[in-house]
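Asker: Sharing a model prediction with you, sequence too.
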Amino acid sequence: MVPQPCSQMVSCMLLLLALLSCVRDCECGCDSSEEGLLSLMQLYLGPAERDFGTRETAQAADDEILPYGRTVLSTNPRETVEWMATYYSNVIRLPELEVCDGIERAAVLLDLGLNQTQLMIFVKPAAQFGHDLDPGITISRIEKSVAEVFAGRATYTSWFDSHDGFRVNHFDPIRAFADGHEVGVFDHNFERGPETSQHYVMFFLPHTMYAIQNGGSNIGVDQDDGLPEFLITGCRDGERGDRKLGGGGSTQVYWKATFRANNPGTALDFVVKVLNAAVIGCPYSWPANEGCTGGVWTELPISKFQLHFVNSPQYQAREDTIKNFTDRVLSRRDLKAGLLDPYMYNSLILSVKSLDPYIERLRAHGYDFLLADVSRGQHALIVCIPDNDITFQLRSAHINSDTRATTLSNTCPQRFSDY
């Protein structure tokens, strides 16, 4: 996908003047550098007109799918953004989003370098599921599970399986840990294969169900910096598959999204049938062996961005298993009513050239979906993977005008393509 010129020179000039004023008045994060202004200009152009990374050709293929960002359920969006601004060196704080009735939102843009960015929208929904599925209670339980790990009473929690993977992302783990936050180095040992182990810095973004995994050359792996270390035993087999693990063919800094999956098998079926994803080598088997982590790994066309679906029953809470939690969420989910439940705000956003082929595939395979007009000619196709609490949004400026589908009843929370 290549940047598209503004339709009129006047529009471009007005946009530039508005951004210059915004930076001057410190309303866009006070980053007045050339790089900061460029990032803001790319952001304001919207997903259909931004370049999402180095392209090998001037025109992307029709089936190219590119990571655009995330919406993330947060019980305190502004504090989550403030935390990121404190410990990330590449955060651009975004202007206030449109006010939605009873819904709090705050957003940042991560400048990943190499002309790559990630948009993150933190959302506190107004609607609740009732006491047993209240997001505040769920996130409190996750925080307790993570605290058990850092208190030395466990080495991992399955909640960590919901994370994004970065090779480097300008996070300062030593400072965050010194300030009392739970940041650690997690080691995966291999039962066999050329590699004996892999190491990652991992942590949760505060007030969310969403974790980060930093690999490669991140601080905290190769230095004696005092970060706690934890050994994950998941029956990881380094000889499964036919390619090197840990980044595959992707050249992006932001290279994968991993999901805590109740049923990795149905997730695999979905992304292969709908997203044209390819199955790649995975150190886990599915179905999983007794006492082991199970999972499947896939790769999106052209961009090589990876989607991992992982089930770690040996690290789940006994009082609230992965299956139990998923079943309770799905028992309340109703896409046919045109509604987003609170947990659908944990969504991965992908940019595509046109929504038409994906709508055709969804219909052909009997999957439910929602459509939303999210302003400035942008459309969102919202889908949930069966038997899993996993939500995707596909975004594009192109959709067949004759398309008929269930539409989202309240599009306000999803309107951020202007930013």
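Answerer: Looks like it arrived, so ask away. Residues are numbered from 1 along each chain as shown.
Asker: What pLDDT is listed against Ser7?
Answerer: For Ser7, the pLDDT comes out at 37.
Asker: Make 21 the first number, not 1, from now on.
Answerer: Happy to do that; since the first residue is 21 now, the last one works out to Ser27.
Asker: Provide the secondary structure category for Gly386.
Answerer: Assigned with DSSP: H, G, I helix; E, B strand; the rest coil, Gly386 falls in the coil class.
Asker: count of residues packed around it?
Answerer: Using other Cβ atoms under 10 Å, the number of residues around Gly386 comes to 7. Quick note: C-beta positions are derived from backbone N, CA and C, even for glycine.
Asker: ok, Asp361 touching Arg353?
Answerer: Yes. Assessed by Cβ atoms under 8 Å, Asp361 is found in contact with Arg353 at 5.5 Å.
Asker: Give me the more crowded residue out of those two.
Answerer: Taking Asp361 and Arg353 together and counting by other Cβ under 10 Å, Asp361 has the greater number of neighbours (21 against 18).
Asker: Return the per-residue confidence for the more buried one.
Answerer: Here the pLDDT value assigned to Asp361 is 91.
Asker: For it, grab phi and psi.
Answerer: phi -80, psi 170 (degrees, to the nearest 10).
Asker: How about Tyr378?
Answerer: Per-residue torsions, Tyr378: phi -70, psi -40 (degrees, to the nearest 10).
Asker: thinking it is in contact with Val291, fair?
Answerer: No. Between Tyr378 and Val291 there is no contact under Cβ under 8 Å: 11.3 Å.
Asker: Overlap of the contact sets of the two?
Answerer: Common neighbours of Tyr378 and Val291, counting by Cβ atoms under 8 Å, 6 or more residues apart in numbering, are absent.
Asker: Please, where are all the helices along this protein?
Answerer: 29-44, 54-65, 97-107, 155-170, 193-198, 284-295, 342-352, 376-384 (DSSP state H).
Asker: Buried residues, the fourth one. List them.
Answerer: When neighbours are counted by 16 or more other Cβ atoms under 10 Å, the buried residues of helix 155-170 are found to be Pro155, Thr158, Ile159, Arg161, Ile162, Glu163, Ser165, Val166, Val169.
Asker: In CSV, list the residues you listed along with distance to Thr253 and pLDDT.
Answerer: What follows is these, written out as CSV (distance: Cβ to Cβ, whole Å; pLDDT from 0 to 100):
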residue, distance to Thr253, pLDDT
Pro155, 30, 94
Thr158, 26, 94
Ile159, 26, 96
Arg161, 23, 94
Ile162, 21, 96
Glu163, 23, 97
Ser165, 17, 96
Val166, 18, 97
Val169, 14, 97
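Asker: between the residues you listed, which is closest to Ala337?
Answerer: Ranked by distance to Ala337 (Cβ to Cβ), these are led by Ser165 at 6.2 Å.
Asker: who's in contact with the closest one?
Answerer: For Ser165, the contact set (Cβ under 8 Å, 6+ apart) comprises Ala174, Thr177, Trp179, Ala337.
Asker: Can you flag which of those belong to strands?
Answerer: With DSSP state E as the criterion, strands contain none of the contacts of Ser165.
Asker: Neighbour-wise, give me the winner out of these.
Answerer: Within those, most neighbours by other Cβ under 10 Å means Trp179, with 26 neighbours.
Asker: how far away is that residue from Asp152?
Answerer: For Trp179, the distance to Asp152 (Cβ to Cβ, to the nearest Å) stands at 17 Å.
Asker: and what of Asp361?
Answerer: Noted for Asp361: a distance of 13 Å to Asp152, by Cβ to Cβ.
Asker: cool, Thr106 as well?
Answerer: Between Thr106 and Asp152 the distance is 34 Å, computed by Cβ to Cβ.
Asker: can I get the buried residues of helix 155-170 in a markdown table with distance to Thr341?
Answerer: Converted to a markdown table, these look like this (distance: Cβ to Cβ, whole Å):
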| residue | distance to Thr341 |
| --- | --- |
| Pro155 | 19 |
| Thr158 | 14 |
| Ile159 | 18 |
| Arg161 | 12 |
| Ile162 | 14 |
| Glu163 | 18 |
| Ser165 | 13 |
| Val166 | 17 |
| Val169 | 18 |
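Asker: which of those residues lies closest to Asn209?
Answerer: Lowest distance from Asn209 to the buried residues of helix 155-170 (Cβ to Cβ) belongs to Val169, with 17.0 Å.
Asker: Test my guess that that closest one contacts Thr177.
Answerer: Yes. Using Cβ under 8 Å, Val169 is in contact with Thr177, at 5.9 Å.
Asker: what sits against the closest residue to Gly204 other than its chain neighbours?
Answerer: Leaving aside its sequence neighbours, Gly204 sits nearest to Pro248 (Cβ to Cβ, 6 or more residues apart in numbering; 4.5 Å). Pro248 makes contacts with Phe170, Gly204, Val205, as judged by Cβ under 8 Å, 6+ apart.
Asker: so who does the second one touch?
Answerer: Right, Gly204. Residues near Gly204 by Cβ under 8 Å, 6+ apart: Val169, Phe170, Phe197, Val221, Met222, Phe223, Leu247, Pro248, Glu249, Phe250.
Asker: roughly how far apart are the fourth one and Thr278?
Answerer: Which is Val221. Val221 sits 15 Å away from Thr278, going by Cβ to Cβ.
Asker: higher neighbour count, these two?
Answerer: Between Val221 and Thr278, Val221 has the larger neighbour count (other Cβ under 10 Å), namely 25 against 20.
Asker: Quick check: that one vs Phe210, distance?
Answerer: Val221 is 19 Å from Phe210, where distance means Cβ to Cβ.
Asker: Tell me which stretches of the stretch 221-370 of the chain form strands.
Answerer: Counting by DSSP state E, counting those that start in this stretch, the stretch 221-370 of the chain has strands at residues 231-234, 249-256, 274-280, 298-300, 314-319, 326-331, 367-372.
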